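> Sharing a model that was predicted from the sequence below.
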Amino acid sequence: MRALLLLPLLAATVAGCGKLTCGTGTTEVDGECVGEAVDALMCGPGTVRVGDACEVEEPPILCGEGTILRGTECIAVDASWAWLPVPAGTDAEVSQGHHGNFSHNGSSIHAVDLRMPEGSEVVAARGGVVLQLREDSNTGCGEPECSDQANYLVIDHGDGTLGRYWHLQQGGVLVDFGDVVEPGQSIARSGNTGWSTGPHLHFEVVDLFRQSMPIRFHDLEDTGGVAFAGRPLRSQNSRTANETTPGWSDCPRDLFAFMGVFLDEGVPCTVWDQDLLPVGGVQYGDDGQVMVGVKPSGEAWDYSCLATDGTGRFDVDVEFATSGGAFLMVGQADDDCTFGQGWAHSPWIIRP
């Protein structure tokens, strides 16, 4: 009887019989098929895998009210967004931007100057209501002494911010007090009046204390909205309808918080046309008294001192009969009816 020759099943490894082929889940190691190692590293809750180790996961960065996350930092969002104040398709060149050492300091630290020939079209950077204007001057110079010779236009955006357009051409204001304007609407012609070393438009957004705010332009998304000198900036400011009907700005409730007072909603802060100006709110000082002061242009401050109720509440109608308007200040008062501190700036309320 012939014996059976049993051949191993590894015939694929015999010389001349071809290359070793390993099945799924295995790999060739020194002529043998070996199972692949299973990666069993699993990281638990609150950890993440970094290379071959589990590390504590960084918590998400939560930014507080009034800030947004940029990279790994929370930054303030009090910048005012607007469009470039020139017609769509026009190139604008910045001659002096934020923190410019020539004149953009102090209350104008965030202003932007756009170099442009006299008579160039100026359009509204934001919608609003025309608050102030001047167009009778035809003079100017390169010294601060000429600053009161500028023609200008001020637009109340209705949210406690004002857009200011300076150095306009004589007769170059194209709108009137109280007119509602839309973004991109033609409003003025640029000039060279006031403190100016050459034809340009000075544009800034200020708060109700007339202090400039950082400006970001929708047209400049690639630079985060920041305008700077060194390259032409192409405007995308086409005329568009206002999202809501603008009105005169009221005072924010915390406008006088630095003086120990929170106002009621609706206290007028840019225009008031009645003889009595209603002012109400809550005083947070310890003496139970509040002071309200008004100062017409060129006159002395006139103060009213009144007691608050048991909760610090006060309401008063302030005499406001002076044509032209007046500065306003509200704050907690000491026993002798004086403010606890002085102040550098006040909102100006116009009496048409």
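That came through fine. Residues are numbered from 1 along each chain as shown.
> Flag the shaky bits of the stretch 1-150 of the chain, pLDDT-wise.
1-49, 55-78, 100-101 (pLDDT under 70).
> do that again at 80, thanks
1-79, 97-108 (pLDDT under 80).
> just checking, L168 touches D136?
No. Using Cβ atoms under 8 Å, L168 is not in contact with D136, being 10.7 Å away. (Glycine included, C-beta is placed from N, CA and C.)
> In terms of neighbours, single out the busier of the two.
The neighbour count for L168 versus D136, taken as other Cβ atoms under 10 Å, is higher for L168 (29 against 9).
> Next, the more buried one: phi, psi?
The phi/psi pair for L168 (degrees, to the nearest 10) reads phi -70, psi 160.
> In terms of pLDDT, where does it sit?
L168 is assigned 97 on the pLDDT scale.
> With adjacent residues omitted, what lies nearest to it?
Take L168 and drop its neighbours on the chain: the residue closest to it by Cβ to Cβ, 6 or more residues apart in numbering is N151, 3.9 Å away.
> and P87, how many residues sit next to it?
Neighbour count of P87, defined by other Cβ under 10 Å: 18.
> Please report how far it lies from M116.
Distance of P87 to M116, given as Cβ to Cβ, to the nearest Å: 11 Å.
> rewinding a little: what residues do L168 and D136 have in common as contacts?
Common contact partners of L168 and D136 (Cβ atoms under 8 Å, 6 or more residues apart in numbering): N151.
> Enumerate the beta-bridge partners assigned to the residue nearest to E143 when sequence neighbours are not counted.
Of all residues not flanking E143 in the chain, W195 sits nearest, at 6.7 Å (Cβ to Cβ, 6+ apart). Using DSSP bridges, the bridge partners assigned to W195 are C141.
> Do you know the pLDDT at W195?
Predicted confidence (pLDDT) for W195: 86.
> Can you tell me the closest non-neighbouring residue to the residue sitting nearest the centre point of the chain?
With distances taken as Cα atoms, centre = their mean, A79 lies nearest the centre of the chain, 1.5 Å away. In space, A79 comes closest to P214 once its chain neighbours are excluded; the distance is 3.9 Å by Cβ to Cβ, 6+ apart.
> need the contact list for H98.
For H98, the contacting residues are 104, 109-112, 214-215, 226, by Cβ under 8 Å, 6+ apart.
> Now with 10 Å, please.
104, 108-112, 204, 212, 214-215, 226-228 (Cβ atoms under 10 Å, 6 or more residues apart in numbering).
> what do you get for L263?
Residues in contact with L263 (Cβ under 10 Å, 6+ apart) are 250-257, 269, 279-282, 330.
> Sort out for me which of these are in strands.
279-282, 330 (DSSP state E).
> what comes up buried for stretch 243-250?
The neighbour-count check on stretch 243-250 (16 or more other Cβ atoms under 10 Å) flags 246, 248-250 as buried.
> Quick one: mean pLDDT over that stretch.
94.
> let's number from 820 now, not from 1
Will do, 820 is the new start, and the previous item becomes stretch 1062-1069.
> How far does that stretch sit from its chain's centre?
Computed by Cα atoms, centre = their mean, to the nearest Å, the separation of stretch 1062-1069 from the middle of its chain amounts to 17 Å.
> CA atoms only for it, dumped as PDB, please.
Listed in PDB are the C-alpha atoms of stretch 1062-1069, where the atom choice follows Å, rounded to 0.1, in the frame of the first residue of the first chain:
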ATOM      1  CA  GLU A1062     -33.700  98.200   8.500                       C
ATOM      2  CA  THR A1063     -35.800 100.200  10.900                       C
ATOM      3  CA  THR A1064     -36.800 103.900  10.900                       C
ATOM      4  CA  PRO A1065     -34.100 105.800  12.700                       C
ATOM      5  CA  GLY A1066     -35.000 108.200  15.500                       C
ATOM      6  CA  TRP A1067     -33.100 110.500  18.000                       C
ATOM      7  CA  SER A1068     -30.900 108.600  20.500                       C
ATOM      8  CA  ASP A1069     -32.000 108.200  24.100                       C
END
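> Outside of that stretch itself, list whatever touches it.
945-948, 950, 974-981, 997, 999-1002, 1026-1027, 1082-1092, 1166, 1168-1169.
> what does stretch 951-971 give?
Stretch 951-971 has contacts (Cβ under 10 Å, 6+ apart) with 921-922, 972-975, 981, 983-996, 998, 1006-1018, 1021, 1089, 1144, 1167, 1169.
> redo that, cut-off 8 Å
Contacts for stretch 951-971 (Cβ under 8 Å, 6+ apart): 922, 972-973, 983-992, 994-996, 1010-1016, 1169.
> Stretch 1029-1045 now?
In contact with stretch 1029-1045 (Cβ under 8 Å, 6+ apart) are residues 897-903, 917, 926-931, 980-981, 1022-1026, 1046, 1052-1056, 1164, 1167.
> burial of P1097, as a residue count?
Around P1097 there are 15 residues (other Cβ under 10 Å).
> Name whatever forms a beta bridge with it.
Legend: beta-bridge partners of P1097 under DSSP bridges are D1136.
> hey, C-alpha coordinates of stretch 998-1015 in PDB?
Extracted in PDB, the C-alpha atoms of stretch 998-1015 (Å, rounded to 0.1, in the frame of the first residue of the first chain):
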ATOM      1  CA  ASP A 998     -33.700 114.400   7.500                       C
ATOM      2  CA  VAL A 999     -33.700 110.600   7.600                       C
ATOM      3  CA  VAL A1000     -30.800 109.200   5.600                       C
ATOM      4  CA  GLU A1001     -30.000 105.700   4.300                       C
ATOM      5  CA  PRO A1002     -26.600 104.000   4.100                       C
ATOM      6  CA  GLY A1003     -25.000 104.900   0.700                       C
ATOM      7  CA  GLN A1004     -27.200 108.000   0.200                       C
ATOM      8  CA  SER A1005     -25.400 111.000  -1.100                       C
ATOM      9  CA  ILE A1006     -25.100 113.500   1.800                       C
ATOM     10  CA  ALA A1007     -22.200 115.900   1.200                       C
ATOM     11  CA  ARG A1008     -19.300 117.100  -0.900                       C
ATOM     12  CA  SER A1009     -15.800 116.800   0.500                       C
ATOM     13  CA  GLY A1010     -13.600 119.900   1.000                       C
ATOM     14  CA  ASN A1011     -10.600 121.400   2.700                       C
ATOM     15  CA  THR A1012     -12.100 123.600   5.400                       C
ATOM     16  CA  GLY A1013     -11.000 123.900   9.100                       C
ATOM     17  CA  TRP A1014      -7.800 122.300  10.400                       C
ATOM     18  CA  SER A1015      -6.700 120.600   7.200                       C
END
